[in-house]
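Chemist: My questions concern the predicted model and sequence given below.
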4 protein chains.
Amino acid sequence: MTEQDFPSNWGRWGSDDELGAVNLITDEARARGAAEARTGRTVSIARVTTPFPLTGGPLGAATASTTAVQTAMLFTGFGAPAMAEVMIVTTHHAEVTHLDAMGHWAAGGKVYPGVDVADSSGPTGVRHGAAEVYGSGFLTRGVLLDLAPGGRLAPAHPVTGADLDAAAARAGTEVLPGDAIVVRGGWDRVNGGDEPEPGMTADAIRWMHAHGVAVYAGDIGDARPPLVAGVPGALHFLALGRLAIPLVDAADPEPLAAMCTRLGRWTFQFVIGAPRIAGTTGLPVNPLAVF
Amino acid sequence: MTEQDFPSNWGRWGSDDELGAVNLITDEARARGAAEARTGRTVSIARVTTPFPLTGGPLGAATASTTAVQTAMLFTGFGAPAMAEVMIVTTHHAEVTHLDAMGHWAAGGKVYPGVDVADSSGPTGVRHGAAEVYGSGFLTRGVLLDLAPGGRLAPAHPVTGADLDAAAARAGTEVLPGDAIVVRGGWDRVNGGDEPEPGMTADAIRWMHAHGVAVYAGDIGDARPPLVAGVPGALHFLALGRLAIPLVDAADPEPLAAMCTRLGRWTFQFVIGAPRIAGTTGLPVNPLAVF
Amino acid sequence: MTEQDFPSNWGRWGSDDELGAVNLITDEARARGAAEARTGRTVSIARVTTPFPLTGGPLGAATASTTAVQTAMLFTGFGAPAMAEVMIVTTHHAEVTHLDAMGHWAAGGKVYPGVDVADSSGPTGVRHGAAEVYGSGFLTRGVLLDLAPGGRLAPAHPVTGADLDAAAARAGTEVLPGDAIVVRGGWDRVNGGDEPEPGMTADAIRWMHAHGVAVYAGDIGDARPPLVAGVPGALHFLALGRLAIPLVDAADPEPLAAMCTRLGRWTFQFVIGAPRIAGTTGLPVNPLAVF
Amino acid sequence: MTEQDFPSNWGRWGSDDELGAVNLITDEARARGAAEARTGRTVSIARVTTPFPLTGGPLGAATASTTAVQTAMLFTGFGAPAMAEVMIVTTHHAEVTHLDAMGHWAAGGKVYPGVDVADSSGPTGVRHGAAEVYGSGFLTRGVLLDLAPGGRLAPAHPVTGADLDAAAARAGTEVLPGDAIVVRGGWDRVNGGDEPEPGMTADAIRWMHAHGVAVYAGDIGDARPPLVAGVPGALHFLALGRLAIPLVDAADPEPLAAMCTRLGRWTFQFVIGAPRIAGTTGLPVNPLAVF
């Protein structure tokens, strides 16, 4: 299989679609998601990002442990009752959970579903495939696919469709068209040290296509260094680039896995309301699992 | 009535609580919220913020129409498949829908529930009452209180408890302890010109206390210029400062009002998942109403 | 004449040179500059840029009059003796006087003197032709070429070598190899409204080559809209791109012109010490004329 | 001696002066500085600051070695000839050479020469004592006071007037009213590790007052941890706060010391042209020594 042979959703929802696989969230899929909310208890699937403060002088640090977000506490005036800050966000950073929209990916000079990248992106922002196309929020059923319950995947493990099948079987459910999947491999990609990371293979992406995955979230993404066999960067090149599945990159499914284990239940209402900032390729998000 | 006499929730949930009125979202309130989700259809209660691009040269503009968010499209390399950006967010800005957490307000040198502001806030960020205390998300029943169905409030209208009662009656419901209220006055505070704005009065905040409001969102806030009679800045000073009700400032309830009218239904699942950025006084959010 | 025929300094100072025409500042030229300093009185050739404050809430403004520089006043702590700020600079902006280094220009995929742009610039900054190559400062003789003494050039005026000759004659001097020229046309390009701007022609750039200009500063640059006849963007394409003359863009020569007129003297010590920030295509500068 | 007894320049140049000791640069002092420029050779007294890139994804780093300056390389468009960036500067940071203006210091609630800090600084910037008051540049004679020729001061060394006298004697000159002094102790305060730093004592500041120092630059500042004896933070509290001597903080005098040694000459033309950005407490600068 080459990248060219790979299944594609380009054109499936028209020539100027910006939603991609989120179109798979039909009324039926949406209602299936809503029905998962019973107690209303929420669990976050996002990492907690600790900003680096933009301070100097005796207040300053010489080294920053992260640069995904930086904040400056503002001087609001002497005796003012309010405290406030300004923040700088480098969205596509491994330290901050964020949504990759269609406009983030422009392989071969084209953005899904075939828009010339120069028509999609310009110096002043994104005109086609911005994250704000999901601004009204989306909600569907979520399924936790825990690839290594209670532990973690082996270094450099190439995640396949069979791995995903096994996880679904453990969850006692089947992934249905329009579902969001949350993949857990037990890897913290920021603090993981120098070990070679596990990553998604083209085979796993093909599995997502077969099951009609609408949204992907996970602590496993494209391995660094790239996996030796298959397509390097399969998640971005194939899932985002060809299947138009929006990605929740740098998610943290640990609390979710703990909750699922406690409740003995691996499905939930999955809901994302990204900040409504227009014209960007991605946005920091906090996807919630509702039980 | 003076500010000192005003009801207060300081101490109600302990001396080091950071959640404030969100504590009112009991299991019962939460389940009531979850039950509202039937079709799973989501409506955003946030404004769309169009960033100003940080460009210069022939690409630059001489005037910025907003400064709540600014973005710089990044150069990711020649031939790189990914487009990306960095963004700068001035959270407490009328142009961007945001959550005010307890650490945002420090009237009289104290942050709810009595923490010295110097123990709450420092140059490197917020240590008590940061928005990230709501990082796991919260979900409850939401009620739209439309103060001016199909139109807008008169300029400088002082919103009272009676106004809120009338709106609840029109909605055919009663606001219950733990509910989130979404107030619509039909005012766009950014593009509203120079007319004096309507605003919340101490009487309205007292009403919120009596009904056990857990979260406030609205297009009506504290009037500018301040209302002549009563406590200026009642929403921030009293609702946030004394009742510890987190505020969703600069919300846009218009699409929600349209949906409620269409469905003949003024209650919904109200859910917020704010980006998990630690140590801030507020965060941009996209509260969703789920039907 | 086409752009290809145009004189070029590529290769003149070796195949990996980064200084460009600043190499023309020989010991002789430098000493000529030093000799101009007599009283030590300094005049700035830079615009004053008023930053836009990154504030929100009641402190915020809805409209920014400039976005070249933005500042946020920092909260340094309760009772702290120091006030401080963070600033955001969009260097290549018409509102802020800045130096264009070789790395700023990559026409035809090559940066002076023939370096592939992918070897010069990457996502993390500039490796060849950064502004920091001038970090030790440079000093030479400066000559004010006032194209419209006491007034301003006509709209859309195409500045030619003859114009520069006439200005030099009025100054009673000749531009010598290694000199910096400061060109005044009497145009404020930020506040100039919608009139078509004057601009440099290829003929003027040819004149600069013939005279061995080492550095260019001026309130006249490349016209917007582009001049009808000749090469559009001659200053950037030819002076910077082919002759490797660093540009001080968006200069303000008005106070200098006033001083020259008062002293009856159009030459001076010209000195630039740009902030030593590595890896950038340009930097905000304040070139000084010393009398 | 207490801080209250310490000599003060408050009121010496009027009640609304903003220049402070720069007023000591009389025509005579300025001409003395100009006369030092002979060959025109320039040496920078600034550190080179390497920005941290605001990138994410595979381009990002997990740790920042400095946060004084950060840059984002901008996407200027497909096929665009220009490369550009935006930069974020935390001015008062030990990594970047910067000028401290009067508005930076507000001890006891007053800014030199007695202005209430609330009248000097507000959330939107500095109104009294901003760095831009030096925007026309200043030039005077500079003297290198090398406290440890060829080596470095002992850890925690308290620099006294006697030390400065000895350095001036080695330089074969006397510091005169209106001179700028450049102090070298041989310490790199960023990369210096955990050893206790040398620092200025009140006695040294008193010496500066006696000699009429107009500007201070150096690699020695206020020691961290503070010196045990005397006034902690003498340079900021007394030199800046009471004598109104602007400080060039975090300077790098090593190349200057090498040049002085080579030429056998410890005086030079000292010139600063800070970027003309209004309303700030300080600015990144590159002070030049001209020989």
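Modeler: Thanks, I have it.

Chemist: Quick check: which ranges of the stretch 51-200 of chain A have low pLDDT?
Modeler: By pLDDT under 70, the weakly predicted segments of the stretch 51-200 of chain A are A:56-66, A:191-192.

Chemist: quick one: the helices in it?
Modeler: Applying DSSP state H, counting those that start in this stretch to the stretch 51-200 of chain A gives helices spanning A:117-120, A:161-171.

Chemist: Dump stretch A:14-23 to PDB, keeping only the CA atoms.
Modeler: What follows is the C-alpha trace of stretch A:14-23 in PDB, where atoms were taken according to Å, rounded to 0.1, in the frame of the first residue of the first chain:
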ATOM      1  CA  GLY A  14     -18.600  17.900  -1.100                       C
ATOM      2  CA  SER A  15     -15.700  20.000  -2.600                       C
ATOM      3  CA  ASP A  16     -15.800  22.800   0.000                       C
ATOM      4  CA  ASP A  17     -16.500  20.800   3.200                       C
ATOM      5  CA  GLU A  18     -14.500  21.900   6.300                       C
ATOM      6  CA  LEU A  19     -15.800  19.500   8.900                       C
ATOM      7  CA  GLY A  20     -14.400  16.200   7.600                       C
ATOM      8  CA  ALA A  21     -15.200  13.100   9.500                       C
ATOM      9  CA  VAL A  22     -17.300  15.100  12.000                       C
ATOM     10  CA  ASN A  23     -19.900  14.800   9.300                       C
END
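
Chemist: can you list contacts of it?
Modeler: A:9, A:12-13, A:101-102, A:112-115, A:128-130, A:133-134, A:138, A:212-215, A:243-246 (Cβ atoms under 8 Å, 6 or more residues apart in numbering or on different chains). Heads up, the C-betas are built off the backbone N, CA and C, glycines and all.

Chemist: how far away is residue A:9 from chain C?
Modeler: 29 Å (Cβ to the nearest Cβ, to the nearest Å).

Chemist: Now that residue: closest residue in space, sequence neighbours ignored.
Modeler: Nearest non-adjacent residue to residue A:9, counting by Cβ to Cβ, 6 or more residues apart in numbering or on different chains: residue A:244, 4.7 Å away.

Chemist: do residue A:132 as well
Modeler: Nearest non-adjacent residue to residue A:132 (Cβ to Cβ, 6+ apart): residue A:278, at 4.5 Å.

Chemist: Just list the residues touching that neighbour, thanks.
Modeler: Residue A:278 sits next to A:125, A:130, A:132, A:135, B:48, B:49, B:50, B:51 when contact means Cβ under 8 Å, 6+ apart.

Chemist: Where strands are concerned, which of the residues you listed count?
Modeler: Applying DSSP state E to those, the entries found in strands are residue A:125.

Chemist: which residues of the stretch 151-291 of chain A fall in strands?
Modeler: Secondary structure of the stretch 151-291 of chain A (DSSP state E, counting those that start in this stretch): strands located at A:158-159, A:180-184, A:199-200, A:215-218, A:247-249, A:267-272, A:282-284, A:288-290.

Chemist: Touching, residue A:177 and residue A:208? I think so.
Modeler: No. Assessed by Cβ atoms under 8 Å, residue A:177 is found out of contact with residue A:208, at 10.9 Å.

Chemist: thinking again about what came up before, which of the contacts of residue A:278 sits closest to residue B:93?
Modeler: Closest approach between those and residue B:93, by Cβ to Cβ: residue B:49, at 8.6 Å.

Chemist: In contact with the closest one, which residues?
Modeler: A:275, A:276, A:277, A:278, B:66, B:68, B:69, B:95, B:96, B:97, B:284.

Chemist: repeat that with 10 Å
Modeler: The neighbourhood of residue B:49, defined by Cβ atoms under 10 Å, 6 or more residues apart in numbering or on different chains, consists of A:132, A:275-279, B:66, B:68-69, B:89, B:93, B:95-98, B:190, B:250, B:284.

Chemist: before we move on, the earlier item: sort out which of the contacts of stretch A:14-23 are buried, if you could.
Modeler: Among the contacts of stretch A:14-23, those scoring as buried are A:9, A:13, A:101-102, A:112-113, A:115, A:128-130, A:133-134, A:138, A:212-215, A:243-246 (criterion: 16 or more other Cβ atoms under 10 Å in any protein chain shown).

Chemist: one step back: and the contacts of residue A:278, which is closest to chain D?
Modeler: When the contacts of residue A:278 are compared for distance to chain D (Cβ to the nearest Cβ), residue A:125 wins out at 9.8 Å.

Chemist: Show me the beta-bridge partners of the closest one.
Modeler: For residue A:125, the residues forming beta bridges with it (DSSP bridges) are residue A:122.

Chemist: for it, what are its contacts?
Modeler: For residue A:125, the set of contacting residues under the criterion of Cβ under 10 Å, 6+ apart consists of A:103, A:277-281, B:50-53, B:55, B:71-73, B:83, B:85, D:75.

Chemist: Show me how far stretch A:38-57 is from its chain's centre.
Modeler: Taking Cα atoms, centre = their mean, to the nearest Å, the mean C-alpha location of stretch A:38-57 is offset from the chain mean by 15 Å.

Chemist: Would you indicate which residues of that stretch are buried?
Modeler: Going by neighbour count (16+ other Cβ under 10 Å), the buried part of stretch A:38-57 is A:40-57.

Chemist: And for stretch A:107-124?
Modeler: Buried-residue list, stretch A:107-124, by 16+ other Cβ under 10 Å: A:107, A:110, A:111, A:112, A:113, A:115, A:117, A:120, A:121, A:122, A:123, A:124.

Chemist: For residue A:270, state which of the residues you listed is nearest.
Modeler: Nearest to residue A:270, judged by Cβ to Cβ, of the buried residues of stretch A:107-124 is residue A:112 at 21.7 Å.

Chemist: In CSV: the buried residues of stretch A:107-124, plus distance to residue C:21.
Modeler: Formatted as CSV, the buried residues of stretch A:107-124 follow (distance: Cβ to Cβ, whole Å):
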residue, distance to residue C:21
A:107, 41
A:110, 42
A:111, 41
A:112, 47
A:113, 49
A:115, 43
A:117, 36
A:120, 39
A:121, 35
A:122, 33
A:123, 29
A:124, 33
